[in-house]
Every structure is written in C-alpha cells, then in structure tokens.
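Peer 1: fold the following for me, if possible:
(chains A and B)
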2 protein chains.
Amino acid sequence: MATEIVFYDIPSSLPNKAWSPNTLKTRYALNYKGLAYKTVWVEYPDIESVCRQIGAAPTRNKPDGRPHFTLPMIHDPSTGATIADSAKIAAYVDATYPDRPSLMPAGTVGLHRAFEDAAHPLIGPIYPYCLPASHALLNPVSAAYFRRTREELWGKTLENLTPAGDADRVEWKKLEDGFGKMDEWIRASGEGSKYLMGDVLCYADMWMAAYLLWLKLVLPGRWGEIASWHGGRWGTLLQNLEKYETVL
Amino acid sequence: MATEIVFYDIPSSLPNKAWSPNTLKTRYALNYKGLAYKTVWVEYPDIESVCRQIGAAPTRNKPDGRPHFTLPMIHDPSTGATIADSAKIAAYVDATYPDRPSLMPAGTVGLHRAFEDAAHPLIGPIYPYCLPASHALLNPVSAAYFRRTREELWGKTLENLTPAGDADRVEWKKLEDGFGKMDEWIRASGEGSKYLMGDVLCYADMWMAAYLLWLKLVLPGRWGEIASWHGGRWGTLLQNLEKYETVL
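Peer 2: Just a heads-up that it's a prediction; the model follows:
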C-alpha cells in the first residue's frame, strides 16, 4: 500500500509546472524534510470538488460567506490526515515526523505565526506585478478562472493591474523596502546570519523564498535586480534552497 | 567595586514608581534573568543629558532630525557596555549572561523582531487611553514635558485624546481584538500553551505583559475586564509574571 504523501498543487505551462507561492511553501517544506510524496496537479476550477472529495476543510470563507477551499493541501495515507494551508501543513509534518529536520524548531510555532502576520503586509506590492504575469503562464481552464476571480477581487482588469511609470517606481521601491525589513530581521539574528534563525533553515525562510521564487519564475526579467537587493541576500537564499525545489 | 547593572527608569507617583511599558519590558527581563541591578530614576527632561553623560547612543531621530534619547537604558560595569532600547538590552543580557534563563531562546532573535513588528500595530489603540492616565501619575517636572511632547505628537490636548461614547466602544474593541490576535499566536503554540513559546517564558511574553501592566497600573478601573478577555489569558499572564515586577 502506498504510504507516500499526496501533495495537491496548481500547474502552469512552466517546465516544472510549480509556480504558486502558497504551494511552493509546502513543496520546500516536504523536500526539506525529505518526505516521500507525489504531486497531484489540480486546475483552479477543480480545487473545490477535489478538496470536498477527500474531506479537506475550507481554509476560510469567501466574501459572500460560502466556504473557500484552497491549495496547498496534503493527504497523508499513513495517518489518514488531510490538511490544507501551508502553515498548518508545516505544523502537521513537524508533529508527525519529528525525526526529520524541523520546519518550526521547538517552541517557535507561535512566533512563526507572528512572523507571517508581520511579513505578509511587507510583500503586499508583489500581487499587482505577479498576478498578471502568473495568469499568462496558466493552462487555459485555470487562466479563465484566475482572471475572473482576481479581476473581481481587485476591481481592475489584469491588464490594468501592474503599476507603470511613476507608480511602478513607487510600488517597486515599497517591495524592496519590504524585503529590506525582512533583511533587518535576519541580520538581527547575528553577524553574517544566513537565515532568520541563524545557520539553520526554518519555515519562515521558506515562506520568504516562496515569494522570491514566484517573482523569479513569473518576472524573470526583474530577477537580477531583486537577487542583488540587500547585499545579494535574496539571490543567495534561492540558490541555497534550489535543492528543495524538486517536483516529485 | 560595584558590578551590579544600573537600570535607568522613569518614576511616577505610584508606590513602586515603575509604570512605563518600555522600561517594564527591561525590568521583567532583568528580574527574570536574576541579574543584580539597581534602578536609577530619571525624570523626562533629564533623560537626554543622563544618556549623553554615560555615552548611550540615541535610539532614533526626532521628526526634525535631532537625536532622540530614550529609556530604558542600562549600564553594565562588568563589561563597560551602555545599551538603550529594550529589545537590544534583552539581546545584550542574553549574550553576556548565557548561564541565566534565555529571554530569546536559541535562534529566535530575528523571529522576536518580527513579533514586535506584528504586535506593535495591534496594541496601537492603547495610547489614547494610557497617555492621559499616565500623565496624571507623573511627577510635575515630567508631567509638563510629557504633556508638551505628547500633545505635539498627537495634535490634541491630553484631555481630548481618550475616546468617549461610540468612539470608546470602537477603539476599545480594536484593543481587545488586537490582544485576540496575540491570543491566537499563543494558542498556535499548542493545546493549553501558557506562553508564546509554550511552557517557557520568552521576551515576547514580557513585551505583551509590559503593555498589560501599563493598562493595569494607569487604568485600574478597566483591568478586571481586560484580565477576563480570551479566557482570562491576560489576568493569568500578569499573575505569573508578578514575581518579576520587583523594583531593585
């Protein structure tokens, strides 16, 4: 009987298919822990029915109150557990596979929660850049769903979402400054620290790396600049995590 | 030769004198680590000259660009170090006295920095309540300084700062919800966790406790309600930390 974890991800036309920052957090986590898993690719319009079939809980409600099902999600045949939401998946695999390297080392689950609440506003300017660029890489059935839902949410066409001219300079600088704040946190960990907890990777690093990899995959023309921000911190981070990008 | 740490704090007319949330963070920290120290009380108008005398660096700049000196500050005769800013003081005493209980356990300095950036906006509604109430407890020379600087900063008289009526209900609920988010972080640490890192106190708990103790000291009439929020979490937290309120 297969005991490998089933990891549900959203495909694109990129060679490795993976592109979504939220599911990349889980991919980094599973690969870092060295867990056996297989990826099942789910197009956007099928996410809800797949989640309902295997008994995942909705991660939140839609604005109109209906349940909202999202990926990443994993199903672990060893325990029968089905978990959605990348932070919950990280806490689950840490608790279930304590002999593997920790994603959130002892006692840091609550601090990681605070990290996410502090970091999410900092990467806010990423969406108007990455959403239209991601749309262009989706398979047609997902692209149509993605356009409809994102244009509803933002109240703009995808074509009008990405800042241009002066607005581009302002928003791009905000994004750089947001990563600058995260660079401060990492430097606070100690002289020459590579990661937020010093020398050892943790889930928060994978969280930051997932957004950086999204930028690199969908906006390759701007990656060189981003990689050089803050003394080259972000280029080095993605290089260090490249071995955990594997798609199984 | 005296080797006890000198801890510079701001006095009030309260029996124990201590009242400032920022210096309370350091008081909790020094007492928790069991370090020998003595408190030197400095009135607001004297903070800058005292800091300059003992060679402390300004913690930031004023809006007009001039250096801004703040308490808490410590001077440690054992090493000659003079440190201002409660988070920096915590990192310093952890590094200098590693045989004592940790304020920021291994690798969590950067995560603590992120915690502060996430938590500070959550306690934002506290100021319009606590600033006028604190002013009433200061000694006259500090009270005049405090009124002038806070009224400049907020663009309102202290008498017009505290929300009343509907605004009170809205702002007070925001404060409760802010602590509600911190309660979520603590609960994420595990079933029945007492502190943000589970069973062991860390600097983040002292950070939250310092603002709660401020509320309790300057707004005693509202403490019963706050103590009962979130299943009594905050009343219990202050009780657990009461032994670290000592003024040496």
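Peer 1: neighbouring contacts of the helix or strand of chain A with the lowest mean pLDDT?
Peer 2: Using mean pLDDT, DSSP states H and E, the weakest-scoring helix or strand in chain A turns out to be strand A:60-61, at a mean of 88. For strand A:60-61, contacts defined as C-beta atoms under 8 Å, 6 or more residues apart in numbering or on different chains pick out A:P67, A:H68, A:T70. Quick note: C-beta positions are derived from backbone N, CA and C, even for glycine.
Peer 1: which helices and strands does the helix or strand hosting A:F146 pack with?
Peer 2: In the assignment (DSSP states H and E), A:F146 maps to helix A:140-154. Secondary-structure packing of helix A:140-154 (3 or more C-beta pairs under 8 Å, 6 or more residues apart in numbering or on different chains; DSSP states H and E): helix A:126-135.
Peer 1: next one: the helix it packs on to chain centre, how far?
Peer 2: In terms of C-alpha atoms, centre = their mean, to the nearest Å, the centre of helix A:126-135 is found 14 Å from the chain centre.
Peer 1: between that helix and helix A:140-154, how big is the angle?
Peer 2: Relative orientation of helix A:126-135 versus helix A:140-154 (axes from the mean of the first three to the mean of the last three C-alpha atoms, to 10 degrees): 160 degrees.
Peer 1: so for helix A:126-135, mean pLDDT?
Peer 2: For helix A:126-135, the mean pLDDT works out to 97.
Peer 1: other SSEs contacting that helix?
Peer 2: Using 3+ C-beta pairs under 8 Å, 6+ apart: helix A:126-135 touches helix A:140-154, helix A:165-188, helix A:203-218.
Peer 1: where does pLDDT dip in chain A?
Peer 2: Across chain A, the ranges flagged by pLDDT under 70 are A:1-2.
Peer 1: break it into its domains for me.
Peer 2: Listed by automatic domain parsing, the domain ranges of chain A are A:5-104, A:113-242.
Peer 1: tabulate those (CSV), appending mean neighbour count and distance to B:L241.
Peer 2: Shown next, in CSV, are those (neighbours: other C-beta atoms under 10 Å in any protein chain shown; distance: least, C-beta to C-beta, whole Å):
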stretch, mean neighbour count, distance to B:L241
domain A:5-104, 18, 25
domain A:113-242, 17, 19
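Peer 1: any chance of JSON lines for those domains, columns distance to B:L248?
Peer 2: Output for the domains of chain A, formatted as JSON lines (distance: least, C-beta to C-beta, whole Å):
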{"stretch": "domain A:5-104", "distance to B:L248": "36"}
{"stretch": "domain A:113-242", "distance to B:L248": "28"}
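Peer 1: thinking again about what came up before, quick check: next helix or strand after the least confident helix or strand of chain A?
Peer 2: strand A:67-68.
Peer 1: who touches that following strand?
Peer 2: Contacts of strand A:67-68 (C-beta under 8 Å, 6+ apart): A:P58, A:T59, A:R60, A:N61, A:K62.
Peer 1: dump the residue contacts of A:W154.
Peer 2: Per C-beta under 8 Å, 6+ apart, neighbours of A:W154: A:P128, A:L131, A:L161.
Peer 1: list the contacts of the second one.
Peer 2: With C-beta under 8 Å, 6+ apart as the criterion, the residues that contact A:L131 are A:F146, A:R150, A:W154, A:L158, A:L161.
Peer 1: from chain B, how far off is the fourth one?
Peer 2: Distance of A:L158 to chain B, given as C-beta to the nearest C-beta, to the nearest Å: 31 Å.
Peer 1: next, the contact list for that residue, please.
Peer 2: A:L158 makes contact with A:L131, A:P132, A:H135, A:R147, A:R150, A:E151, according to C-beta under 8 Å, 6+ apart.
Peer 1: which one of these is nearest A:G192?
Peer 2: A:L131 (35.6 Å; C-beta to C-beta).
Peer 1: excluding chain neighbours, what is closest to A:D85?
Peer 2: Once flanking residues are discounted, A:D85 sits nearest to A:T59: 4.9 Å by C-beta to C-beta, 6 or more residues apart in numbering or on different chains.
Peer 1: what about A:W19, is that helix, strand or coil?
Peer 2: coil (DSSP: H, G, I helix; E, B strand; the rest coil).
Peer 1: do you know how far it is from chain B?
Peer 2: For A:W19, the distance to chain B - C-beta to the nearest C-beta - is 26 Å.
Peer 1: quick one: residues contacting the nearest residue to that residue once chain neighbours are set aside.
Peer 2: In space, and not counting its chain neighbours, A:W19 is closest to A:S12: 4.3 Å by C-beta to C-beta, 6+ apart. A:S12 sits next to A:A18, A:W19, A:S134, A:L137, A:L138, A:N139 when contact means C-beta under 8 Å, 6+ apart.
Peer 1: mind redoing it with 6 Å?
Peer 2: Residues in contact with A:S12 (C-beta atoms under 6 Å, 6 or more residues apart in numbering or on different chains) are A:W19, A:L137, A:L138.
Peer 1: now it: which helix or strand?
Peer 2: Here A:S12 is assigned to no helix or strand, by DSSP H and E.
Peer 1: A:Y37 versus that one, what's the distance?
Peer 2: Here the criterion is C-beta to C-beta, to the nearest Å. By it, A:S12 lies 19 Å from A:Y37.
Peer 1: returning to that earlier point: list just the nearest of the contacts of A:W154 to chain B.
Peer 2: Nearest to chain B among those is A:P128, at 22.8 Å by C-beta to the nearest C-beta.
Peer 1: near chain B, which residues of chain A show up?
Peer 2: Proximity of chain A to chain B is confined to A:107, A:109-111, A:113-115, A:117-118, A:185-186, A:188-189, A:196-198 under the rule C-beta under 6 Å from any C-beta of the partner chain.
Peer 1: cutoff 8 Å now
Peer 2: Residues of chain A that fall close to chain B, judged by C-beta under 8 Å from any C-beta of the partner chain: A:91, A:105, A:107-115, A:117-119, A:181, A:184-190, A:193, A:196-198, A:200, A:202, A:204.
Peer 1: got the contact list for the residue lying closest to A:G107 once chain neighbours are set aside?
Peer 2: If you skip the residues right next to it in sequence, A:G107 has B:M197 as its closest partner in space, 3.6 Å away by C-beta to C-beta, 6+ apart. By C-beta under 8 Å, 6+ apart, the contact list for B:M197 reads A:G107, A:T108, A:G110, A:L111, B:P105, B:T108, B:S189, B:A204, B:D205.
Peer 1: hmm, 7 Å instead?
Peer 2: A:G107, A:T108, A:G110, A:L111, B:P105, B:S189 (C-beta atoms under 7 Å, 6 or more residues apart in numbering or on different chains).
Peer 1: and the third one, how far from A:A95?
Peer 2: Right, the one you point to is A:G110. For A:G110, the distance to A:A95 equals 14 Å [C-beta to C-beta].
Peer 1: ok, now the first one?
Peer 2: Computed with C-beta to C-beta, the distance linking A:G107 and A:A95 is 13 Å.
Peer 1: and if you look at A:T23?
Peer 2: Relative to A:A95, and taking C-beta to C-beta, A:T23 is found at 21 Å.
Peer 1: could I get stretch A:49-68 in CSV with only the CA atoms?
Peer 2: What follows is stretch A:49-68 as a C-alpha-only set of coordinates in CSV (Å, rounded to 0.1, in the frame of the first residue of the first chain):
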residue,chain,number,x,y,z
SER,A,49,-14.5,19.4,-5.8
VAL,A,50,-11.2,17.7,-5.2
CYS,A,51,-11.0,19.1,-1.6
ARG,A,52,-14.6,18.1,-0.9
GLN,A,53,-13.9,14.6,-2.3
ILE,A,54,-11.0,13.9,0.1
GLY,A,55,-12.6,15.7,3.0
ALA,A,56,-10.4,18.8,3.4
ALA,A,57,-11.8,21.6,5.5
PRO,A,58,-12.2,25.0,3.8
THR,A,59,-9.3,27.4,4.7
ARG,A,60,-11.6,30.4,5.0
ASN,A,61,-14.9,31.9,3.8
LYS,A,62,-15.5,33.8,0.6
PRO,A,63,-16.7,37.4,1.0
ASP,A,64,-20.3,36.1,0.5
GLY,A,65,-19.9,33.6,3.3
ARG,A,66,-19.5,30.4,1.3
PRO,A,67,-16.6,28.1,2.2
HIS,A,68,-13.4,28.7,0.3
